[in-house]
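Trainee: build the 3D model from these lines:
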Amino acid sequence: MTKKLMVVALLVLGVVVFVTTGAGDYLTLSYLKAAHQDAVNYTQANPVLASFAFFVFYVVVTALSLPGAAVMTLAAGAVFGLVWGLALVSFASTLGATLAMLISRTLLGDWVQRRFAAQMRSINSGFEADGAFYLFSIRMVPLFPFFIINLVMGLTRISLWQFYWVSQVGMFAGTVVFVFAGTQLATIEALGDVLSPGLIIALSLLGLFPLLARKTLGWIRTARSEGAAS
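Mentor: Prediction:
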């Protein structure tokens, strides 16, 4: 109970600070475009401090499931460039997602596992066998909100390490798209301009391929075993 109260207190504190300081006003596309050159100038003069501050703030925003991660990803490309911006966002987003998953697990995971034991039993067994493939697939589909995946995964028994490395790999393609879009900031008028229908389909198919391949191989093995037995 003490651990849960501490987590709740930190969540409330984080949200209060976010709201009272008006941090959300800075996480908009219009503000990013207006402040772009000033941010670039500051980063060039203070590269280490700017990178550290951006990384920490990104982790906090994603860990607390606050709005603004998409704009911050664009900002990484616009301010830090493709390569360094991609490195910062890739690791910060994965670390923040893992913390968000742990927060969800700490507050609700045990209760959900007890309250819905029968239903969760099959889900847990499924994740033990194919959890990495399921998580990778939904990470690659841009239609699934980033923070929802983090929170839902906290309700399952997926291991911390598996969640981390699969998220790192699964989110990489989408991160590349948004960071690269940030390097072309002047051409973006809305966040929806980043993901075209064709790109969404391509990322979704790429994410589903490993799971479908695993399932297909499983069916083939089962069919061979049944054939040999008969």
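
Trainee: and the helices in this structure?
Mentor: Residue ranges of the helices in the chain, as given by DSSP state H, are 2-20, 29-45, 47-63, 69-80, 82-104, 110-115, 117-140, 146-153, 160-170, 172-183, 197-229.

Trainee: rounded mean pLDDT for the shortest one, please.
Mentor: Just to be clear, that refers to helix 110-115. Here helix 110-115 scores 72 as its mean pLDDT.

Trainee: burial of the closest residue to Glu189 other than its chain neighbours, as a residue count?
Mentor: Of all residues beyond its chain neighbours, the one nearest Glu189 is Leu29 (8.0 Å), with distances taken as C-beta to C-beta, 6 or more residues apart in numbering. C-beta coordinates here come from the backbone N, C-alpha and C atoms, glycine included. As a burial measure, Leu29 scores 17 neighbours (other C-beta atoms under 10 Å).

Trainee: Ile188 is in contact with Leu29, correct?
Mentor: Yes - with contact defined as C-beta atoms under 8 Å, Leu29 counts as touching Ile188 (6.9 Å).

Trainee: overlap in contacts of these two?
Mentor: Leu74 (C-beta atoms under 8 Å, 6 or more residues apart in numbering).

Trainee: tell me which residue is most central in the chain.
Mentor: By C-alpha atoms, centre = their mean, the mean C-alpha position of the chain lies nearest to Phe146, the distance being 4.6 Å.

Trainee: so what's the nearest residue to Val40 once chain neighbours are set aside up against?
Mentor: The shortest distance from Val40 to any residue other than its chain neighbours is 5.6 Å, reached at Val79 (C-beta to C-beta, 6+ apart). Val79 is in contact with His36, Ala39, Val40, Thr43, Ala50, Phe54, Gly85, Gly182, counting by C-beta under 8 Å, 6+ apart.
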